[in-house]
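In: Quick one, what's the 3D model for this:
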Amino acid sequence: MPNSIPPNQKRLALTHACSYYPLEISYFKSTLDSKLLSLLWSKYWVNTLSSNPWLAVRSLLVSAVNLFVLPTRIESSSPTKSWT
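Out: Residues are numbered from 1 along each chain as shown. Reported below is the predicted structural model:
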């Protein structure tokens with residue numbers, strides 16, 4: 001993987017590393033935002049509670065098993081010595 005940050009920028013960042021400071025973060029929520037979030041929550045809260053993150057990546061897990069586990073099992077089940 002090629003280095004994407006030029007050396008002069010790395011040097012500059014390291015020079016000023018101690019001078020960085022955290023910025024204050026503020027949030028704004030209007031009454032319309034509150035009403036909209038409340039409606040969305042009341043409509044989708046059951047889906048949120050009943051969702052399973054494993055179902056979202058099921059196809060990825062199945063393909064990983066097919067790529068790595070099954071060929072290993074096939075190779076290990078084939079005879080390595082010939083009994084003559």
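In: only C-alpha atoms for contact and neighbour calcs from this point on.
Out: Will do.
In: Find the residue at the geometric middle of the chain.
Out: When C-alpha atoms, centre = their mean is applied to the chain, the residue found nearest the centroid is residue 57 (10.6 Å).
In: With residue 39 as the reference, measure out to that one.
Out: 28 Å (C-alpha to C-alpha, to the nearest Å).
In: Over to residue 60?
Out: For residue 60, the distance to residue 39 - C-alpha to C-alpha - is 33 Å.
In: what do you get for residue 56?
Out: Counting by C-alpha to C-alpha, the gap from residue 56 to residue 39 is 25 Å.
In: Could you report the neighbour count for residue 61?
Out: In terms of burial, residue 61 registers 13 neighbours under the definition other C-alpha atoms under 10 Å.
In: The one 4 residues further on now?
Out: The tally of other residues near residue 65 (other C-alpha under 10 Å) stands at 12.
In: Name the SS class of it, please.
Out: Put simply, residue 65 is helix when judged by DSSP: H, G, I helix; E, B strand; the rest coil.
In: Read off the pLDDT value for it.
Out: Residue 65 carries a pLDDT value of 77.
In: Identify the residues contacting it.
Out: Applying C-alpha atoms under 8 Å, 6 or more residues apart in numbering to residue 65 gives no contacts.
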